[in-house]
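*Asks:* sequence first, then the predicted structure:
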Amino acid sequence: MKILKKRGQGATEYLLMLAAVLVIVAVAVFYILRSAPGGVAPSINATVTDIAAAPTQVKLSVTSISSTVTTGNWKYVVYQTTQPDWTTPNDNLEAGRDYTLTIGEPVAGGAGTYTVKIFHVPTSSVMATYSVPKSA
């Protein structure tokens with residue numbers, strides 16, 4: 001009687017090759033999805049300044065952005081101590097424009113340094129964070 005030990009070993013080798021192929025496919029899918037639109041937040045270059053005549057507002061001046069962010073795909077928040085809810089503006093975020101942002105915390109309008117964050121909705125990431133000194 002002859003015992004064939006090669007069959008069990010061959011099946012194991014096929015399973016290992018299948019596992020390797022699945023790992024390669026998973027890595028490829030990961031990189032394809034990461035480079036898809038919405039996968040990376042646009043880079044933004046902007047300045048935030050105080051609006052002295054408006055104690056509850058600051059001005060965001062966008063000098064450059066890698067791609068326009070459409071309405072509903074960006075949010076902002078301006079706060080001094082505790083971050084409130086995000087505000088969704090009804091405007092595209094694009095280069096060469098100024099935006100008036102409202103301070104969104106209960107003690108809005110006080111003097112001090114405020115934090116301004118710009119959020120990209122499709123990637124769920126903060127595109128930029130700025131600090132702006134504000135007079136009373």
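*Replies:* Arrived safely.
*Asks:* ok, Glu94 touching Ile65?
*Replies:* Yes. Using CB atoms under 8 Å, Glu94 makes contact with Ile65 at a distance of 6.4 Å. Heads up, the C-betas are built off the backbone N, CA and C, glycines and all.
*Asks:* between the two, who's got more neighbours?
*Replies:* Ile65 (21 against 14; other CB atoms under 10 Å).
*Asks:* report the contact partners of that one.
*Replies:* 42-46, 93-95 (CB atoms under 8 Å, 6 or more residues apart in numbering).
*Asks:* so Lys117 sits against Val132, correct?
*Replies:* No. Between Lys117 and Val132 there is no contact under CB under 8 Å: 11.6 Å.
*Asks:* which one's more surrounded, these two?
*Replies:* Legend: neighbour count by other CB under 10 Å for Lys117 and Val132, higher for Val132 (19 against 16).
*Asks:* nearest spatial neighbour of the residue most central in space within the chain, chain-adjacent residues omitted?
*Replies:* In the chain, the residue lying closest to the centroid (CA atoms, centre = their mean) is Ser125, at 2.0 Å. Leaving aside its chain neighbours, Ser125 sits nearest to Ala41 (4.8 Å; criterion: CB to CB, 6 or more residues apart in numbering).
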